[in-house]
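Quick one, what's the 3D model for this:
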Amino acid sequence: MASIARVKERAEEQSTSMSTDQQSAIRMLANDLHRLNQSVMKAVEAGVSVELVRSARHHGGEGNWGDLLIPVIVTRNPSSLPETRDASKRTD
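Sure, this is the predicted structure:
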């Protein structure tokens with residue numbers, strides 16, 4: 001797995017050949033992906049599994065394309081989870 005520093009370095013190298021509009025679009029995509037990853041981690045911590053699956057491919061008409069994603073969510077049956085106890089209702 002590439003280190004974060006190398007990923008950032010590679011992105012900066014690639015961005016030098018992009019137009020200002022392209023660089024802006026990539027920055028926006030990177031920010032949105034960061035928020036998406038945070039949301040996935042929150043969902044996992046809440047007890048669900050999340051898989052992102054390509055639902056379609058958008059074609060720009062000039063040979064450019066991008067994958068569109070949908071989440072597939074898997075939850076466990078709450079009755080199969082260990083029982084949690086509310087410490088404020090202790091009777092001992």
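
how about the strands in this structure?
Along the chain, counting by DSSP state E, strands occupy 48-59, 65-75.

can you redo these as JSON lines with distance to D32 and mean pLDDT?
For every residue, glycine as well, the C-beta is placed using N, CA and C. Shown next, in JSON lines, are the strands of the chain (distance: least, Cβ to Cβ, whole Å; pLDDT from 0 to 100):
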{"stretch": "strand 48-59", "distance to D32": "13", "mean pLDDT": "97"}
{"stretch": "strand 65-75", "distance to D32": "11", "mean pLDDT": "95"}
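
Output the below-cut-off pLDDT ranges for this structure.
1-2, 77-92 (pLDDT under 70).

Any chance you could spot the residue sitting in the middle of it?
The residue lying closest to the centre of the chain (Cα atoms, centre = their mean) is N37, at 3.2 Å.

quick one on the thing from earlier: and of the strands of the chain, who's closest to M41?
Comparison of the strands of the chain against M41 by Cβ to Cβ identifies strand 48-59 as nearest, at 9.0 Å.

I'd like to know which elements the closest one is packed against.
Here strand 48-59 touches helix 20-45, strand 65-75, going by 3 or more Cβ pairs under 8 Å, 6 or more residues apart in numbering; DSSP states H and E.

could you dump those to JSON lines with distance to R57?
Shown next, in JSON lines, are the helices and strands packed on strand 48-59 (distance: least, Cβ to Cβ, whole Å):
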{"stretch": "helix 20-45", "distance to R57": "16"}
{"stretch": "strand 65-75", "distance to R57": "5"}
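
so which of those gets nearest I4?
It's helix 20-45; of the helices and strands packed on strand 48-59, that one is closest to I4 (Cβ to Cβ) at 11.9 Å.
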